[in-house]
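Engineer: Take a look and give me a structure for this.
(one chain, ligands or ions: 2)
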Amino acid sequence: MSGYDMDVQYVKGVGEKRAALLKKLGIETLYDAVHYYPRAYLDLSSQTAIADLTPGETVCVKAVVGVPVHGAQIRRGMTIFKTIVTDGEDTLHITIFNSAFTARRLEVGETFLFYGKVAYVNGCFEMTNPLIETEDAAEPFRPVYPLTAGLSTKQLGAIIRNAIPLWEQATTDDLIPGDVRRTYQLCHERFAIQNIHFPNSPNDAGIARRRLMFEELFVLQCGMAQLRHTSRVKTDIRIRGDALPAFLALLPFELTGAQRRAVDDCVRDLSGGVAMNRLVQGDVGSGKTMVAAAALFLAAKSGVQSALMAPTELLAKQHYETLTRLFGDTVRVVLLTGGLTAKEKKQTRAAIAAGDVDVAVGTHALLSEDVAFHRLGLVVTDEQHRFGVRQRGTLSQKGDAPHVLVMSATPIPRTLSLIIFGDLDLSVIDELPGGRQPIRTDVVDSSYHARIWAFLRKHLDAGRQAYVVCPALEEGEGELLSAAELAQQLSDGPFAGYRVGLLHGKMKPREKAAVMTAFAAGEVQLLVATTVVEVGIDVPNAVIMVVENAERFGLSQLHQLRGRVGRGSERSYCILVSDADSDTARQRLSVMKETTDGFKIADADLRLRGPGDFFGARQHGLPQMKIADLMQDMTVLREAQQAAAEIIAQDPGLSQPEHSVLNDAVRRLFARTSAQALN
Ligand code: ADP
Ligand code: MG
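Structural biologist: Numbering: from 1, shown residues only. Ligands and ions are numbered 1, 2, ... in the order given. Modelled structure (predicted):
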């Protein structure tokens, strides 16, 4: 049994009860235990005088117990102990809950280190449940772990201390090969594990941390590099480019230079030999759909079936409509989404399986097992960041090494896109179609509402359309208007006599589709919506985007929302309404005024919010990093990337004996990730 799956109960001091508590922290195996990293370290080496205390700060105070400890039972099972300590100049009140053992140690006249958070209550400084150590504490740096009730830092520390030697026995090699460690000056894993938990100095902890971060990113990057390597699969599917002029003739406009380059990249990839594996990245409105359409058209004309996947039903429907409008009867396109009746679904599936369909458009439903293709040769996914890395794999397994085209509108910094899409070739559409008017963006507070509604009416009267977007509310946020409430108020008040539509996430797919169709057809003039319109929706006649409570959206989200307008030749407006008065909120919204460049906005978003929020929970399908912060630790990331690329180039299968530990780690990581992505 390896340390990876050895039950944590083998560790001294862990019985069934402890094991259950540890499980709450995600610790089930020996591996989990030693890789449960501290979130901080107590520094007992520098002490603060009581006179210099600031409420709210966590500090270490060296002081003498001044008065005998006084215990009082405040209710059954709850005793509090109080004493007062002094550093000779000032006094500090100490309160301890329930621990008679700790209280008994505090004899009058003895000196201790008190480590904890300072409060200022009734004119006195106070610490509640501080960590109490004798002056000669052996380790000046103590790990502080994220905890669960019933388990103290001290107990967890002891468990991990016992786990480390077991782990060392159970593991043979360092998963980072020796030459990589030397090149990138990384410590050995033994040093790393010991010192991430029990360092002798902040410096040692730093060395350990860097190595463990590198390790995480390195394993991930090796996996991506392998994926990239194995995704260079041979294919017999040849899609010819000779129908391209026929496709171009269908278009009501000329492709932009950037679109044309992306199409040419695809044509080259599709010609056969090695399967295409390409990401088309372009800002909102750059016209990615047409690149996909070109590939789908060429596939159909070469007698090859294709699938187009979108992250939402709305978007799938829109793509379906765009394609049928564009292709007319030259290509057979079907829509397969959850919105269909069981009978319709069955028929559609049968047609796909019989090969009576050229292009199947849908959502994840296309991934479901009972969709069998006749001859799937091309898989296109839109707004890819919403699909996990593995889901991409699942779909391509449906055919016989089909070509894969991925489109993403999320402008993400290049390095990050390499992590997420590291297995793909890249075409960037860095040019917007001509004739677009710049979108004017304003940030206002809610006192402007009357003026905003008048402005909207003027444009609706001129035959244009508009969106009003509200944040989707969690329960208990009663003070904010929901989309439904706002739609009601607007159609009763300022927009009485206008056709107001409502779109929100809790509606049934059919209802959503009906509203969206009505909006696209111009029957609905004003669409009140939650962020379901965020991604991809294209109604060129809509020229105003109003966002209520704009401070509640991420900048990249606002950028996507703004991208819903300015898609035609009319002048367009984006009005961000916010009453937030914090500096960060203002600063963030002002970024939207300053630039329409999605990459700049993404950078600002990352800077102001951090990557967790940027992507939303696990949207990217990447494993959760325990210790590495993808944005903070860019240098380490680049090094890990480079090291991984070198190793995979030299040993693609990681089959050399010295890479076997690494190979196991990569496979474990991706096994976990695919389990997550399927949730
Ligand atoms: P996105 O890249 O955000 O997916 P779309 O593909 O939805 O953008 O295109 C945005 C709009 O621009 C659509 O209305 C589309 O018809 C139009 N469009 C695409 N390419 C061109 C072009 N070359 N010239 C003019 N309009 C174009
Ligand atoms: Mg799109």
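
Engineer: Could you look up the SS state of M545?
Structural biologist: Under DSSP: H, G, I helix; E, B strand; the rest coil, the three-state class of M545 is strand.

Engineer: Tell me the spacing between it and ligand 1.
Structural biologist: When distance is defined by CB to the nearest ligand atom, to the nearest Å, M545 is 14 Å away from ligand 1. Glycine gets a C-beta too; all of them are placed from N, C-alpha and C.

Engineer: what do you get for V59?
Structural biologist: Taking CB to the nearest ligand atom as the criterion, V59 is separated from ligand 1 by 52 Å.

Engineer: R75: how many residues sit nearby?
Structural biologist: Per other CB atoms under 10 Å, the neighbour tally for R75 reads 6.

Engineer: Name whatever forms a beta bridge with it.
Structural biologist: As for beta bridges, R75 partners with M78 under DSSP bridges.

Engineer: can you give me phi and psi for the closest residue in space to Q226 that isn't next to it in sequence?
Structural biologist: On the basis of CB to CB, 6 or more residues apart in numbering, the spatially nearest residue to Q226 that is not a chain neighbour turns out to be I648, at 5.8 Å. With angles defined as degrees, to the nearest 10, I648 sits at phi -70, psi -30.

Engineer: which residue of the protein sits farthest from its center?
Structural biologist: With CA atoms, centre = their mean as the measure, the chain has its most outlying C-alpha, relative to the mean C-alpha position, at G109: 54.0 Å.

Engineer: can you pull the contacts of it?
Structural biologist: Contacts here follow CB atoms under 8 Å, 6 or more residues apart in numbering; on that basis G109 touches V64, V65.

Engineer: mind checking how far it is from G568?
Structural biologist: The span separating G109 from G568 equals 83 Å under the rule CB to CB, to the nearest Å.

Engineer: Flag every residue of the stretch 151-300 of the chain that's near ligand 1.
Structural biologist: Among all residues of the stretch 151-300 of the chain, those adjacent to ligand 1 (criterion: CB under 6 Å from any ligand atom) are 253-256, 259, 282, 284-290.

Engineer: Just the buried residues of these.
Structural biologist: A residue is treated as buried here by neighbour count (16 or more other CB atoms under 10 Å); on that basis the buried members of those are L255, T256, Q259, G282, V284, G285, S286, G287, K288, T289, M290.

Engineer: the helices in the stretch 51-200 of the chain, which residues?
Structural biologist: 100-105, 153-170, 178-183, 189-197 (DSSP state H, counting those that start in this stretch).

Engineer: pLDDT below threshold where in the stretch 1-150 of the chain?
Structural biologist: 1, 136-138 (pLDDT under 70).

Engineer: what does it have sitting close to ligand 1?
Structural biologist: On the criterion CB under 6 Å from any ligand atom, ligand 1 has no neighbours in the stretch 1-150 of the chain.

Engineer: And the closest residue to ligand 1 within the stretch 1-150 of the chain, how far from A665?
Structural biologist: With CB to the nearest ligand atom, the shortest gap between the stretch 1-150 of the chain and ligand 1 falls at G26, namely 38.6 Å. Shown here: G26 relative to A665, a distance of 17 Å by CB to CB.

Engineer: Give the residue from the two that has the larger number of neighbours.
Structural biologist: Of the pair G26 and A665, A665 is the one with more neighbours under other CB under 10 Å, namely 21 against 13.
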